[in-house]
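1. Pasting the sequence and the predicted model now:
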Amino acid sequence: MSVRRKNRKREEYFFDYTLLFIVLFLLGFGLVMLYSTSSYEAALDYGDSAYYLKKQLLSTALGIVCMIIVSRINYHFWERFAVLGYIVAVILILLVMTPLGKEVKGARRWLRLGPLSIQPAEIAKLAMILFLAVLVCKMGKGIRTWKGFGLAVGAAAPICLLIWKVTNNLSSAIIVGGIAVLMVFVAAPDYKRFVLLALGVCAAAALIVFVIVKNAEGQADAAVDGGIQSDAGFRGDRIIAWLDPEKYASDEGFQTLQALYAIGSGNLFGKGLGRSMQKLGFLPEAQNDMIFSIICEELGLFGALSIILLFILLIWRFMVIANNATDLFGALLVVGVLGHIAIQVILNIAVVTNTIPNTGISLPFISYGGTSVLFLLSEIGLVLSVSKGIRLNDVG
C-alpha cells in the first residue's frame, strides 16, 4: 500500500508552458505593434496616440483572466452548455438586426450592450467548437456514415448562413465552416468525402469568379478614374480588383496595393520599429486587417517569418495536446481551437499578400479587436484545461 501511495504522489500531470509562453509573447508583440501601427491615426482622430492600445490592453487583461479561470475548470464542465451556447450564438447574431446592432464603417456586425461592444461572430466560433465536440462524441461511430457526416457538417450551416447574411461577414462564416470540416475530419478521416467536398467548393468558387469577371467585362473597363462600376456587388468588385489591383488603385484595389507597397518596402530586416510610412494615413485599417503588412514594413521579411514560425509552433503544441488528450471530447476541443487560429492566420496573410480577394479578417492575438482577443484567450484556456488532464508520462 505504501508503494502505491508513493507512486500516486509521484504521478505528475502535464501543463503546456510552451503553449502559454507563445501566446503571451504573441499578445505582448501584438500590443507593441498595435501601438506602433495605430498611434498616428489615434492621435489625429481621438487626440490620444495610445487610444487603441488602452482599449486593447483592457480586453487583453480581461481575456487573460478568463483564460486562467477556464484553464482551472475541468473542460467536461462545459459539455452541458453546448446546446445553450449554440442557441445563444444564433440569438446574438439575429440581434444585430435590432436597435442593439451597431454599425461601424458601413458594416453592421456588432452589438452595443451598455458601454460594451461585442461581435457575435466571435462568440459563434467558440460556440460551434463546443457544440460540434459534444455532437460528434454523442454520435460515436455514426459520424463515419454519410448521414452522420452530413449531420455534423450541416450543424454549422445555420450559423454560417446567419453570419454571412445577417452580419454580412463572409470571412467569419468561412472560418466557422472550416472549423466544422476540420473537426469532423479528425473524428472520421474518410479522405474520399473530404476530397469530394474540397473539389465541390473549389469548382463553385471558380465558377463564381468566372461569372463575376465575365459580367464585369466592359463595365469595369469603362469605369471613370480606374474605379469599378460593375453590377457584381462589393464582393464581386473585390474579386475584380484582386485580379488586377493596380488597374483599380483608386477603388477596391487601393488597400491591397498599399499593403503590398508596405511589404515590398520592408526588404529583409525592415525600416525599424515605428518607422512605417504606410501607416501614416496611406493604408486604411492598418491596425485591424492589415497589421501584418506593417510588421513586414517595420521588421522586414525576418520579422514576418518569425511571427509565422511562432504560429506554426503554436499549432504544433495544439497537435501535441490533441494527440495526448485523455478522451475524444478533449481532443476535438483542441482541434477546433487549432482550426480557428490556423484558418484565420492563413486567410489574413493570404489577403494581405493578395493571394485571395480582400475580405475583412484579423490576425489572431495581434490585430486590434477586443471581442476577438477575449474569446481567443478563452479558447486557449480550454486547451490548457485539456492539457492539465494529461499524465506527464503519457506525453508522446
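-> Alright, I've got the coordinates. Since this is a predicted model, take the numbers as computed values, not measurements.
2. Specify the local secondary structure of the nearest residue to residue 344 once chain neighbours are set aside.
-> Spatially, and ignoring its direct neighbours in sequence, residue 344 is nearest to residue 364 (5.4 Å; C-beta to C-beta, 6 or more residues apart in numbering). (C-beta placed from N, C-alpha, C; glycine too.) Look at residue 364: counting by DSSP: H, G, I helix; E, B strand; the rest coil, its state is coil.
3. right, and the helix or strand after the longest helix anywhere in the chain?
-> In the chain, with assignment by DSSP state H, the single longest helix is helix 291-324. Using DSSP states H and E, the next helix or strand after helix 291-324 towards the C-terminus is helix 328-352.
4. which helices and strands does that next one pack with?
-> helix 120-139, helix 170-187, helix 254-266, helix 291-324, helix 370-388 (3 or more C-beta pairs under 8 Å, 6 or more residues apart in numbering; DSSP states H and E).
5. rewinding a little: what about the residue nearest to residue 344, distance to residue 94?
-> For residue 364, the distance to residue 94 equals 26 Å [C-beta to C-beta, to the nearest Å].
6. Between these two, tell me which one has more neighbours.
-> Shown here are residue 364 and residue 94; by other C-beta atoms under 10 Å, residue 364 has more neighbours (23 against 14).
7. Surely that one touches residue 345?
-> Yes - with contact defined as C-beta atoms under 8 Å, residue 364 counts as touching residue 345 (6.1 Å).
8. how close does the residue lying closest to residue 177 once chain neighbours are set aside get to residue 245?
-> With C-beta to C-beta, 6+ apart as the criterion, residue 177 has its nearest non-adjacent residue at 5.0 Å, and that residue is residue 160. From residue 160 over to residue 245 the distance is 28 Å, taken as C-beta to C-beta.
9. rewinding a little: nearest to residue 77, out of the helices and strands packed on helix 328-352?
-> helix 370-388 (8.9 Å; C-beta to C-beta).
10. elements contacting the lengthiest strand in the chain?
-> Longest strand in the chain by number of residues, with DSSP state E as the criterion: strand 107-113. Judged by 3+ C-beta pairs under 8 Å, 6+ apart, strand 107-113 is in contact with strand 101-104, strand 116-118, helix 120-139.
11. quick one: which of the ones you listed has the weakest pLDDT on average?
-> Among the helices and strands packed on strand 107-113, strand 101-104 carries the lowest mean pLDDT, at a mean of 77.
12. picking that back up, as JSON lines, the helices and strands packed on helix 328-352 with mean neighbour count would be great.
-> As requested, the helices and strands packed on helix 328-352 are arranged in JSON lines below (neighbours: other C-beta atoms under 10 Å):
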{"stretch": "helix 120-139", "mean neighbour count": "24"}
{"stretch": "helix 170-187", "mean neighbour count": "22"}
{"stretch": "helix 254-266", "mean neighbour count": "21"}
{"stretch": "helix 291-324", "mean neighbour count": "20"}
{"stretch": "helix 370-388", "mean neighbour count": "24"}
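13. Adding distance to residue 40 as columns, could you present those helices in TSV?
-> Output for these, formatted as TSV (distance: least, C-beta to C-beta, whole Å):
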stretch	distance to residue 40
helix 120-139	27
helix 170-187	26
helix 254-266	14
helix 291-324	11
helix 370-388	21
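14. for the ones you listed, which one sits closest to residue 32?
-> helix 291-324 (10.3 Å).
15. Now do the closest one, average pLDDT.
-> Here the average pLDDT along helix 291-324 is 95.
16. what angle separates it from helix 170-187?
-> Here the directions of helix 291-324 and helix 170-187 differ by 20 degrees (axes from the mean of the first three to the mean of the last three C-alpha atoms, to 10 degrees).
17. what angle separates helix 291-324 from helix 370-388?
-> Going by the same axes, to 10 degrees, helix 291-324 makes 20 degrees with helix 370-388.
18. Can we start the residue count at 627 from this point?
-> Right, with 627 as the first residue, what we last looked at is helix 917-950.
19. so where's the stretch 777-926 of the chain shaky on pLDDT?
-> Scanning the stretch 777-926 of the chain for pLDDT under 70 picks out 838-861, 874-877.
20. same thing but at 90, please
-> By pLDDT under 90, the weakly predicted segments of the stretch 777-926 of the chain are 777-781, 790-798, 811-885, 892, 900, 905-915.
21. you'd agree residue 945 is up against residue 964?
-> Yes - with contact defined as C-beta under 8 Å, residue 945 counts as touching residue 964 (7.0 Å).
22. Identify whichever of the helices and strands packed on strand 733-739 lies nearest to residue 886.
-> strand 727-730 (25.4 Å).
23. just to revisit the earlier point, the longest strand of the chain: which residues count as buried?
-> Residues of strand 733-739 classed as buried by neighbour count (16 or more other C-beta atoms under 10 Å): 735-737.
24. Let me see the mean pLDDT of it.
-> For strand 733-739, mean pLDDT is 79.
25. same thing with stretch 976-987?
-> pLDDT averaged over stretch 976-987 gives 87.
26. Now tell me what touches it from outside.
-> 733, 795-798, 801, 861, 864-865, 867-868, 871, 878, 881-882, 885-886, 889, 911, 914-916, 918-919, 970, 973-975 (C-beta atoms under 8 Å, 6 or more residues apart in numbering).
27. again, but for stretch 667-678
-> Under C-beta under 8 Å, 6+ apart, the answer for stretch 667-678 is 660-661, 664-666, 679-680, 905, 907, 912-913, 994.
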